[in-house]
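Enquirer: coords please:
(one chain, ligands or ions: 2)
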Amino acid sequence: MTYLLEAKDLTRTFYEGSIATPVLKGLSIALKEGVLTAITGKSGSGKSTLLHILGTLDSPTSGQLLFKGEDILKLTDNKKAQLRSHHLGFIYQFHHLLMDFSALENVQLPLLIAGLSPSQAKARAQEYLEKVGLSDKQNCRPGELSGGQRQRVAVARALSPQPDLILADEPTGSLDEENAAAVFSLFEGLVRKERRAVLMVTHDQGLASRCDRIFALENGSGAYIK
Ligand code: ADP
Ligand code: MG
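Expert: Ligands and ions are numbered 1, 2, ... in the order given. Predicted coordinates:
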């Protein structure tokens with residue numbers, strides 16, 4: 001079968017001068033559509049490194065990475081950027097919003113980059129701000145929003161291009177329980193109703209247990225424990 005994203009035998013070693021730090025030591029993971037997967041593991045175990053590689057933001061030292069069966073490590077930087085723009089959505093622990101732009105503009109920007117017309121981008125951005133419950137805040141800048149609201153803008157920004165796969169690195173790590181639950185519900189809806197895939201790093205055992213699968217990263221490798 002062809003997976004949405006399949007990584008085989010990934011290694012990643014960081015080199016600083018003569019010091020080599022092996023972080024990933026032969027890790028394989030395969031993701032399907034319509035599945036919500038949690039990644040757990042101690043701090044420093046390589047969770048962010050793995051997400052960067054899966055999202056083509058970093059390259060492995062060795063190994064294979066296939067998106068819908070296509071080898072994506074061979075792509076040029078431009079083609080990788082296109083893949084990210086059209087197929088992948090990124091959410092981080094901290095929102096990384098542009099502080100001088102409104103919520104609406106923050107959500108619109110990647111849509112314009114992906115090639116939507118300004119009117120299409122505006123309509124889509126408004127649709128997703130509504131989904132995250134922020135229609136009334138669309139003209140606010142991030143500085144005028146609470147932490148939870150900012151993260152919901154970041155979620156709208158990541159979801160609005162309708163990517164096949166969301167890569168979320170501790171997306172609820174800076175949120176209180178109520179906002180964390182709201183963000184998680186959005187992921188559940190995306191996976192259950194739209195058959196998209198979400199891969200989410202989390203330290204929250206409660207949220208991890210609500211995911212379909214749990215991949216535990218340990219000693220540079222890992223395995224599904226659910
Ligand atoms: P996690 O997200 O699980 O906390 P990371 O993937 O951020 O872990 O980091 C795993 C290890 O890789 C850590 O020891 C970290 O110091 C190291 N590391 C991560 N990025 C780099 C880098 N760009 N250069 C050197 N070492 C790095
Ligand atoms: Mg991390």
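Enquirer: Rounded mean pLDDT for the top helix by length along the chain, please.
Expert: Longest helix of the chain, by residue count under DSSP state H: helix 177-194. Within the predicted structure, the mean pLDDT of helix 177-194 is 92.
Enquirer: Which elements pack onto that helix?
Expert: In terms of contacts (3 or more C-beta pairs under 8 Å, 6 or more residues apart in numbering; DSSP states H and E), helix 177-194 is packed against strand 36-40, helix 147-159, strand 165-169, strand 197-201, helix 205-210. Placement of C-beta: from N, CA and C, glycine included.
Enquirer: What segments of this structure are helices?
Expert: Counting by DSSP H, the chain has helices at residues 47-54, 77-87, 103-113, 118-131, 147-159, 177-194, 205-210.
Enquirer: Other residues contacting the first one?
Expert: The set of residues that contact helix 47-54 without belonging to it, under C-beta atoms under 8 Å, 6 or more residues apart in numbering, is 5, 7, 10, 12, 23-24, 27, 29, 39, 41, 58-60, 65, 167, 169, 199, 201, 217.
Enquirer: Could you do the third one as well?
Expert: Residues from elsewhere that reach helix 103-113, judged by C-beta under 8 Å, 6+ apart: 85, 97-98, 101, 118, 120-122, 124-126, 128-129, 134, 137-142, 145, 153, 156-157, 160-161.
Enquirer: what separates the longest helix of the chain from the chain centre, distance-wise?
Expert: Average the C-alpha atoms of helix 177-194, do the same for its chain, and the two points are 13 Å apart (C-alpha atoms, centre = their mean, to the nearest Å).
Enquirer: For that helix, output the C-alpha coordinates as PDB.
Expert: What follows is helix 177-194 as a C-alpha-only set of coordinates in PDB (Å, rounded to 0.1, in the frame of the first residue of the first chain):
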ATOM      1  CA  GLU A 177      -6.500  23.000  29.300                       C
ATOM      2  CA  GLU A 178      -9.600  24.600  27.700                       C
ATOM      3  CA  ASN A 179      -7.600  26.000  24.700                       C
ATOM      4  CA  ALA A 180      -5.700  22.800  24.400                       C
ATOM      5  CA  ALA A 181      -8.900  20.900  24.200                       C
ATOM      6  CA  ALA A 182     -10.300  23.300  21.500                       C
ATOM      7  CA  VAL A 183      -7.200  22.900  19.300                       C
ATOM      8  CA  PHE A 184      -7.300  19.100  19.700                       C
ATOM      9  CA  SER A 185     -11.000  19.100  18.700                       C
ATOM     10  CA  LEU A 186     -10.100  20.900  15.500                       C
ATOM     11  CA  PHE A 187      -7.500  18.200  14.700                       C
ATOM     12  CA  GLU A 188     -10.100  15.500  15.500                       C
ATOM     13  CA  GLY A 189     -12.600  17.100  13.100                       C
ATOM     14  CA  LEU A 190     -10.000  17.400  10.400                       C
ATOM     15  CA  VAL A 191      -9.100  13.800  10.600                       C
ATOM     16  CA  ARG A 192     -12.500  12.300  11.100                       C
ATOM     17  CA  LYS A 193     -14.600  14.500   8.700                       C
ATOM     18  CA  GLU A 194     -12.000  15.400   6.100                       C
END
